[in-house]
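Visitor: Here's a sequence, model it:
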Amino acid sequence: MIQKRNILLVCVLVPILAWLGVQAFFQVFRETYHRLETIFLDRLFINRYEPAKTSSAGDYILSKEIGSHGFEPVIVVSIDKYTLENLKHKPWLANKDWNADAWPFDRRITAEAVRRLKTLGASVIGLDLLFIHERNPIEDQDLAQAVSEANNVILASLFEVNADGKSIYKKPYPALSESALGLGFVNVPVDTDGILRKILIQSFVNPEETAYPFALSLLMSHPLYKSQGPYTLEIQNAEARLMRPDQSIAKTIHLFEDNTSHHQMLINYRGPDGTFPIISFADLFEPEKQEALQKMIRGKIVVVGLNHPGLQDMYPTPFFSWNRKQTSGVEIHANALYTILTDSQPSIRSISGLPHFLIYFILALIVTTCTSFFSIAVSISVLFLQFAAYWILVTLLFQNHLLLPVPVFFLALAISYILIITARMVTREKEKSMIRRVFNQYVSNQVVDELLHHPDSLSLGGKALEITTLFSDIRSFTTLSENKSPEQVVHLLNTYFELMVSVITKYNGTINKFIGDAVMVLYGAPVLPDNSPKVMAVNALKTAIEMQETLKASSNPELKQLEMGIGISTGVSVVGNIGAQKHKDYTAIGDKINLASRLQGKSQAFEIIVDSGTYEYCKDQFEFEKLEPFTVKGKSEIIQAYRVIY
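Guide: Reported below is the predicted structural model:
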């Protein structure tokens, strides 16, 4: 069996190798890793989400008389179904022949919305609406003038790829762009599974011009930040740092992706569609709602955008697998802004490298150790407990905006368990092979099978057992072999032993060793489930009688010349692997072993002599003749022996 030190070494090495193997695998199959990681990530968002007590997701403020959200730093103004159906009926549009029936509206309506939001006290207005091309001078000039007068409007820009595969940065028409406080691109990368989870933190228009995402532009335009600008963005060590002119850090944004081609921030979603307070665009034109709107909007960042499936600005987010609802683009930008703006739900920082490995290694070491030393039922229970413990840890950390990678841990831990189980099975098979190799030539197949089913019954360190020992010896064999060649002697012994071994194994005896022409047989070692000392003593006596009768009845002329004496003793002896470090034998030692040898020496041809221990177990099944007591050299104890009558 493998020593404990070697087992512990394997328990340490296997998790390390499994970790390195999984890391190498995911380096090759990066897409597979991202798919697995995003599955767990979505579940973390869903588990964390708790619907607000004051309103349910999807409810609209004012239009459905939902309570105030004055504590919210970001307000969404939505061009929604209610707007498309009711805007044209508002009093302000009563005498105006402007398009208010379908999007895109007359741009003078948007201009008026900007003026009203400014009047209501919006600190920053973000228009998540594209005005790339000029429409007509009247509309275009009015919108540009309103944006210029407000002096707090961020407009949406866009990166597009042309037919040549070249990226083109598209801004609003010139008059409008020049009137705005700033621009922010609204492109958002979509993962390969179609889910929108991240935003680009910056993109380069050309070597001299950098474009920022819509959410970051809104942040930098907030009065608290604008007064300390202009800002620069430095990216290093998976962090984007918004730097003031004096090179102090205004904001640190943790990045989810960080490589030479792009830098992405994971949006720390508050919830599904409708989580943010949403005001219908049409409510801006209701005179009786202006006072309530002012209470909600004053000092807030207001983001205006589309929120209707027919307007093609809806996207699946991590909550899509939960409620099968898409989220409007404007609310996605609101989530991104909230992630950058607030400390209550900041950007998510990924825990990787050494801390991640140490957490894995500690838990994996527990699994591999339990798997090596305990039953499979216990080890597999520990494995699933570790999976559960890690997932609980991941969930708790995510509540604090920290992300522990899941796929590497789960896969590496499972591989560690499989490797240890496989090693354990291989080791067990080697042990069984060793047991069969060592004992198959000395005991019956039944005994070998029992040992294979109960390998722990084989004491390899030495154990005190009550056993019966049988010694047999051919009388005057030395004289008999003097007239024979060595080959003839070996042939004679092989023929003799073949007969004797068949009898010994018949009664489940363990042939311990051949000593010249003598045989040493153990009964009761190794321990089997049903071998009591009495049964083993009776089996030893049955063996001795049948050995004598077999030898007498042999028709082989050479065997007829042989005469055998047998001695048997029963008592406690030390049984186990005995010998030097590099060479050990499974054997037994003790006074009772020596006594069996002495009894064999006292026996005459075809006699069987047993000690008192064997006699007590067998006296009700066999006949005995009591012999004169004697002493053994070096011992003061008087030995009582019996001759078996058969």
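
Visitor: Next secondary structure after the helix or strand bottoming out on mean pLDDT in the chain?
Guide: Ranking every helix and strand in the chain by mean pLDDT, DSSP states H and E puts strand 257-258 at the bottom, with a mean of 52. Elements were assigned by DSSP states H and E; along the chain past strand 257-258, the next helix or strand is strand 263-266.

Visitor: Can you give the distance of that next one from its chain's centre?
Guide: From the chain centre to the centre of strand 263-266 is a distance of 26 Å (C-alpha atoms, centre = their mean, to the nearest Å).

Visitor: who does that strand touch, helix- and strand-wise?
Guide: Under the contact criterion of 3 or more C-beta pairs under 8 Å, 6 or more residues apart in numbering; DSSP states H and E, strand 263-266 touches strand 198-200, strand 249-254, strand 257-258, helix 329-341. C-beta: built from backbone N, CA, C; applies to glycine.

Visitor: which residues touch the first one?
Guide: When contacts are taken as C-beta atoms under 8 Å, 6 or more residues apart in numbering, the neighbours of strand 198-200 outside the stretch itself are 185, 187-189, 191, 213, 215, 256-257, 262-267, 336.

Visitor: let's see 7 Å
Guide: Here strand 198-200 makes contact (C-beta atoms under 7 Å, 6 or more residues apart in numbering) with 187-189, 213, 215, 256-257, 262-267, 336.

Visitor: follow-up on the earlier one: now distance to Ser372 and mean neighbour count too, for the helices and strands packed on strand 263-266, in a markdown table please.
Guide: Shown next, in a markdown table, are the helices and strands packed on strand 263-266 (distance: least, C-beta to C-beta, whole Å; neighbours: other C-beta atoms under 10 Å):
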| stretch | distance to Ser372 | mean neighbour count |
| --- | --- | --- |
| strand 198-200 | 42 | 22 |
| strand 249-254 | 39 | 16 |
| strand 257-258 | 39 | 18 |
| helix 329-341 | 45 | 26 |
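
Visitor: right, so of the ones you listed, which gets closest to His89?
Guide: helix 329-341 (23.4 Å; C-beta to C-beta).

Visitor: Point out the other helices and strands that the closest one packs with.
Guide: Helices and strands touching helix 329-341, by 3 or more C-beta pairs under 7 Å, 6 or more residues apart in numbering; DSSP states H and E, are strand 74-79, helix 214-221, strand 301-306.

Visitor: what is the mean pLDDT for it?
Guide: Taken as a whole, helix 329-341 carries a mean pLDDT of 95.

Visitor: And for Leu311, nearest residue in space, chain neighbours not counted?
Guide: Distances taken as C-beta to C-beta, 6 or more residues apart in numbering place Trp103 nearest to Leu311, at 5.7 Å, with adjacent residues excluded.

Visitor: That neighbour: neighbour count?
Guide: For Trp103, the tally of surrounding residues (other C-beta atoms under 10 Å) stands at 15.

Visitor: Next, it: secondary structure please.
Guide: Following DSSP: H, G, I helix; E, B strand; the rest coil, Trp103 is assigned to coil.

Visitor: Backbone torsions only: list them for it.
Guide: Note on Trp103: its backbone torsions stand at phi -80, psi 140 [degrees, to the nearest 10].

Visitor: ok, it touching Asp80?
Guide: No. Counting by C-beta atoms under 7 Å, Trp103 does not reach Asp80; the two are 10.6 Å apart.

Visitor: quick one: low-confidence ranges for this protein?
Guide: Flagging of the chain using pLDDT under 70 yields the residue ranges 1-4, 52-71, 257-262, 435, 437-461, 528-530, 581-584, 634.

Visitor: which residue is nearest the middle of it?
Guide: Centroid-nearest residue in the chain: Phe410, 2.1 Å away (criterion: C-alpha atoms, centre = their mean).

Visitor: In what element of secondary structure is the residue lying closest to it once chain neighbours are set aside found?
Guide: Leaving aside its chain neighbours, Phe410 sits nearest to Phe387 (6.7 Å; criterion: C-beta to C-beta, 6+ apart). Per DSSP H and E: Phe387 is located in helix 376-399.

Visitor: Please apply the same query to Glu466.
Guide: Judged by DSSP H and E, Glu466 forms part of strand 463-474.

Visitor: Based on its surroundings, how many neighbours for Ile351?
Guide: 14.

Visitor: That one contacts Val406, correct?
Guide: No. Assessed by C-beta under 7 Å, Ile351 is found out of contact with Val406, at 11.4 Å.

Visitor: Where does Val535 sit, in terms of helix or strand?
Guide: With DSSP H and E as the test, Val535 turns up in helix 533-553.

Visitor: before we move on, what about Ala414?
Guide: Going by DSSP H and E, Ala414 is part of helix 407-439.

Visitor: wait, what's in contact with Lys118?
Guide: Per C-beta under 7 Å, 6+ apart, neighbours of Lys118: 150, 152.

Visitor: Use 32 as the first number from now on
Guide: Fine by me, first position is 32 from now on; the one you just mentioned is Lys149.

Visitor: did I read that right, it in a helix?
Guide: Yes. Under three-state DSSP, Lys149 sits within a helix.

Visitor: hang on, the earlier thing: possible to save the contacts of strand 229-231 as JSON lines with distance to Leu626?
Guide: Putting the contacts of strand 229-231 into JSON lines (distance: C-beta to C-beta, whole Å) gives the following:
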{"residue": "Asn218", "distance to Leu626": "95"}
{"residue": "Val219", "distance to Leu626": "91"}
{"residue": "Pro220", "distance to Leu626": "88"}
{"residue": "Pro244", "distance to Leu626": "94"}
{"residue": "Ala246", "distance to Leu626": "94"}
{"residue": "Phe287", "distance to Leu626": "80"}
{"residue": "Glu288", "distance to Leu626": "82"}
{"residue": "His293", "distance to Leu626": "88"}
{"residue": "His294", "distance to Leu626": "87"}
{"residue": "Gln295", "distance to Leu626": "85"}
{"residue": "Met296", "distance to Leu626": "86"}
{"residue": "Leu297", "distance to Leu626": "81"}
{"residue": "Ile298", "distance to Leu626": "86"}
{"residue": "Ala367", "distance to Leu626": "91"}
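
Visitor: Run the chain-centre distance for stretch 63-71.
Guide: For stretch 63-71, the distance to the chain centre is 14 Å (C-alpha atoms, centre = their mean).

Visitor: Could you list the buried residues of it?
Guide: Using 16 or more other C-beta atoms under 10 Å as the test for burial, stretch 63-71 gives 64-65, 67-69, 71.

Visitor: and the residues you listed as CSV, adding secondary structure?
Guide: Shown next, in CSV, are these (three-state DSSP):
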residue, secondary structure
Tyr64, helix
His65, helix
Leu67, helix
Glu68, helix
Thr69, helix
Phe71, helix
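
Visitor: nearest to Lys121, of those?
Guide: Of those, the one sitting nearest to Lys121 (C-beta to C-beta) turns out to be Thr69, at 43.0 Å.

Visitor: List the contacts of the closest one.
Guide: If you count contacts by C-beta under 7 Å, 6+ apart, then Thr69 has 222, 224, 226, 228 around it.

Visitor: Considering the residues you listed, which possesses the most neighbours?
Guide: Arg228 (23 neighbours).

Visitor: Surely that one and Leu297 touch.
Guide: Yes. The pair Arg228 / Leu297 is scored as a contact, 6.2 Å apart, by C-beta under 7 Å.

Visitor: Let's verify Val236: helix, strand, or coil?
Guide: strand.

Visitor: From Ile371, how far out is it?
Guide: Per C-beta to C-beta, to the nearest Å, Val236 is found 21 Å from Ile371.

Visitor: Tell me how many other residues crowd the residue lying closest to Leu286 once chain neighbours are set aside.
Guide: Once flanking residues are discounted, Leu286 sits nearest to Ala269: 4.9 Å by C-beta to C-beta, 6+ apart. Here the number of neighbours of Ala269 (other C-beta under 10 Å) works out to 15.

Visitor: Please tell me how far the residue lying closest to Met274 once chain neighbours are set aside sits from Met251.
Guide: Take Met274 and drop its neighbours on the chain: the residue closest to it by C-beta to C-beta, 6+ apart is Thr263, 4.8 Å away. Counting by C-beta to C-beta, the gap from Thr263 to Met251 is 10 Å.
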